[in-house]
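**Q** okay, structure incoming, though there's no sequence with it:
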């Protein structure tokens with residue numbers, strides 16, 4: 001079991017190299033094909049303006065987006081070539097306005113086994129970075145591996161923390177992460193404050209552990225108390241405590257004006273994470 005079609009998307013020249021390096025590492029390890037999309041984004045919000053000035057603003061913004069797309073495409077191609085002849089890859093670029101970003105990204109993501117993206121928060125990141133993640137997960141229905149600033153140290157994480165709360169999203173994430181879970185030395189199924197009257201009250205995480213073990217995953221369950229205000233804080237501390245190389249978790253969101261918005265717990269985790277985060281919805 002492996003990912004055979006991997007996609008990475010770069011919407012900023014500053015993060016393109018990090019995204020393609022991490023995606024290429026996984027693609028070479030799993031003998032997968034890597035597709036890369038460079039996005040030039042028109043971020044213009046044209047409201048009230050003098051007659052005729054709106055068209056000028058749009059034209060200038062589109063030309064800027066096209067130039068940015070060319071720069072990103074060049075960076076992506078350079079990063080691909082640097083990883084050696086054994087990597088099978090393709091690169092394309094596109095220009096999009098913010099409003100059309102979801103459909104463009106979702107169309108590509110639907111045909112990928114895994115989407116590898118840079119962390120969407122930071123000084124060089126704009127709102128399009130979070131929009132790309134949302135589109136890939138919620139509309140593209142693809143699992144997403146979010147890479148922190150320090151990059152991806154290994155294509156086969158040795159110690160993985162799997163956040164488990166019995167939800168549909170957590171189950172989807174666990175299933176989608178199986179190619180990584182099976183290669184790990186240890187997977188810690190992390191349960192935080194399980195409900196006293198829930199269906200798994202007598203053995204929190206036990207059924208998931210049984211399922212994973214039957215797939216050859218070396219798994220164990222750890223039940224933690226919620227000793228910090230936010231679940232994301234507890235997970236982040238737990239990842240540090242066990243020296244985790246990867247966190248697997250369900251991605252949560254809600255609909256707002258028919259667009260997917262990352263839920264607070266998911267956003268908090270991505271903002272503070274120091275390890276790669278594998279998410280699915």
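**A** Thanks, I have the structure now. Just so we're clear, the structure is a prediction, and the values are computed from it rather than from any experiment.

**Q** C-alpha from now on. contacts and neighbour counts both.
**A** Fine.

**Q** which stretches in this structure count as strands?
**A** Remark: strands assigned in the chain by DSSP state E are 5-10, 33-42, 88-97, 114-118, 144-147, 159-163, 186-192, 219-224, 246-250, 253-256, 259-262, 277-280.

**Q** what residues does residue 194 make contact with?
**A** 165, 201, 204, 223 (C-alpha atoms under 8 Å, 6 or more residues apart in numbering).

**Q** so what touches stretch 94-112?
**A** Under the criterion C-alpha under 8 Å, 6+ apart, residues 5-7, 37-44, 62, 65-66, 69, 115, 128, 131-132, 134-136, 139-142 lie in contact with stretch 94-112.

**Q** show the buried residues in those residues.
**A** A residue is treated as buried here by neighbour count (16 or more other C-alpha atoms under 10 Å); on that basis the buried members of the contacts of stretch 94-112 are 5-7, 37-43, 62, 65-66, 69, 115, 128, 131-132, 134-136, 139-142.

**Q** rewinding a little: I'd like the strands of the chain laid out as JSON lines, including mean pLDDT and distance to residue 179.
**A** As requested, the strands of the chain are exported to JSON lines (pLDDT from 0 to 100; distance: least, C-alpha to C-alpha, whole Å):
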{"stretch": "strand 5-10", "mean pLDDT": "97", "distance to residue 179": "13"}
{"stretch": "strand 33-42", "mean pLDDT": "95", "distance to residue 179": "16"}
{"stretch": "strand 88-97", "mean pLDDT": "95", "distance to residue 179": "20"}
{"stretch": "strand 114-118", "mean pLDDT": "97", "distance to residue 179": "11"}
{"stretch": "strand 144-147", "mean pLDDT": "96", "distance to residue 179": "13"}
{"stretch": "strand 159-163", "mean pLDDT": "98", "distance to residue 179": "12"}
{"stretch": "strand 186-192", "mean pLDDT": "97", "distance to residue 179": "12"}
{"stretch": "strand 219-224", "mean pLDDT": "97", "distance to residue 179": "14"}
{"stretch": "strand 246-250", "mean pLDDT": "97", "distance to residue 179": "12"}
{"stretch": "strand 253-256", "mean pLDDT": "60", "distance to residue 179": "25"}
{"stretch": "strand 259-262", "mean pLDDT": "60", "distance to residue 179": "25"}
{"stretch": "strand 277-280", "mean pLDDT": "97", "distance to residue 179": "12"}
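
**Q** tell me the most buried of the ones you listed?
**A** With neighbours taken as mean count of other C-alpha atoms under 10 Å, the strands of the chain reach their highest mean count in strand 114-118, at a mean of 28.

**Q** between it and strand 33-42, how big is the angle?
**A** Comparing the axes of strand 114-118 and strand 33-42 via axes from the mean of the first three to the mean of the last three C-alpha atoms, to 10 degrees yields an angle of 50 degrees.

**Q** fine by me, we can end here.
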